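In: Compute the structure for the input listed below.
(chains A, B and C)
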Amino acid sequence: MPELPEVEAVRGELEPVMTGARFVEVQVRRPDLRAPFPRDFRARLIGQRVDALTRRAKYLLAALSSRDTLVMHLGMSGSFRVDVSAGRRPADDMVDRHDHVVFSMSSGAVVTFNDPRRFGIMELLTPDQLARHSVLSRLGPEPLSSHFNAAALARACKGKKTTLKAALLDQRTVAGLGNIYASEALHVAGLSPLRRASTIATPSGAPREAAVRLAAAIKRVLTRAIDRAAGRGYRSSRFRVYERAGEPCPRPRCGGTIRRRVQLGRSTFYCPVCQR
DNA sequence: ATTGAGACCTGTCGGC
DNA sequence: TGCCGACAGGTCTCAA
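Out: Numbers count the residues shown, from 1 in each chain, chains lettered A, B, ... in the order given. Purely as a prediction, here's the structure:
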């Protein structure tokens, strides 16, 4: 389910019931998500207040009054459910077999993490662990921040022998793009996903025109997706090229046909006519 | 250091 | 109906 826009929508739903509230009860129903839970997970959460709920790339970060940070990732199939009138404990018939973690907050809300494939992650980090985190500390810029622009993108792609698609999926290049929005952004920018990443930069790492277009396309695609994801369900809207193999290219007067091919074991959708 | 392949796990969908 | 393979919005590890 979740790339940056969807994770941002989840943040928006959790924020009002979690920020300022304390963990009253924490139930770990299955401790074997992608990374094992720390032994003292429950003890370190109960009684703590959530000072802020933020997002970094596809991670949700709950800053706690203890100075620890609760890090949450939805993986491929993770989601949160918020029950405001559920009382202290959810009724048995409200529990799904993939409900792995249940937070009862002092706001009265019960927040349940559900994840069929269990690719999701929950970890509790000290300030030191957070600062040195092998993934979090190496993430690229937030695509919608001023730190991300054509210059930053070109610098990150300089010398890269991989394809543009692979470079965009690499969270060190830019943080938060996934398989759908990488394809979408490349189509908006008119750039082939098969093109060498290094070709959008000069040898010294300065942005070429393609980098300018790609950076702008990424911002545009994500901004629009956030606006839509905030409203209704994630999958409600369809996309320009994603899952549209065989359909005509949506670019006016292009006339191409959208193609699907596999890169890095994942589907890429693109128009071979207007994406060069 | 970079890169691609395979692994992780469960569910769904289409074809036979 | 049942079985089987392909595929799914993400990382992580490993070997070249």
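In: Extract the C-alpha set from the helix or strand of chain A with the lowest mean pLDDT and format it as PDB.
Out: Sorting the helices and strands of chain A by mean pLDDT, DSSP states H and E puts helix A:209-231 at the bottom, at a mean of 95. Only the C-alpha atoms of helix A:209-231 are listed here, as PDB (Å, rounded to 0.1, in the frame of the first residue of the first chain):
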ATOM      1  CA  GLU A 209      17.800  19.800 -18.200                       C
ATOM      2  CA  ALA A 210      16.500  16.300 -17.600                       C
ATOM      3  CA  ALA A 211      17.300  16.600 -13.900                       C
ATOM      4  CA  VAL A 212      15.300  19.800 -13.700                       C
ATOM      5  CA  ARG A 213      12.300  18.100 -15.300                       C
ATOM      6  CA  LEU A 214      12.600  15.000 -13.100                       C
ATOM      7  CA  ALA A 215      12.900  16.900  -9.900                       C
ATOM      8  CA  ALA A 216       9.800  19.000 -10.800                       C
ATOM      9  CA  ALA A 217       7.900  15.900 -11.900                       C
ATOM     10  CA  ILE A 218       8.600  14.200  -8.600                       C
ATOM     11  CA  LYS A 219       7.300  17.100  -6.600                       C
ATOM     12  CA  ARG A 220       4.300  17.500  -8.700                       C
ATOM     13  CA  VAL A 221       3.300  13.800  -8.700                       C
ATOM     14  CA  LEU A 222       3.800  13.500  -4.900                       C
ATOM     15  CA  THR A 223       1.900  16.700  -4.100                       C
ATOM     16  CA  ARG A 224      -1.100  15.700  -6.100                       C
ATOM     17  CA  ALA A 225      -1.000  12.200  -4.600                       C
ATOM     18  CA  ILE A 226      -0.900  13.600  -1.100                       C
ATOM     19  CA  ASP A 227      -3.900  15.800  -1.800                       C
ATOM     20  CA  ARG A 228      -5.900  12.800  -3.000                       C
ATOM     21  CA  ALA A 229      -4.700  10.400  -0.400                       C
ATOM     22  CA  ALA A 230      -5.700  12.700   2.300                       C
ATOM     23  CA  GLY A 231      -9.300  12.600   1.100                       C
END
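In: Tell me which residues of it come out buried.
Out: Neighbour-count burial for helix A:209-231, counted by 16 or more other CB atoms under 10 Å, picks out A:210-215, A:217-219, A:221-222, A:225-226, A:229. C-betas here are computed from N, CA, C, even on glycine.
In: what are the ranges of the strands in the stretch 51-200 of chain A?
Out: Taking DSSP state E, counting those that start in this stretch as the test, the strands found in the stretch 51-200 of chain A are A:59-64, A:69-73, A:79-83, A:99-105, A:110-114, A:121-125.
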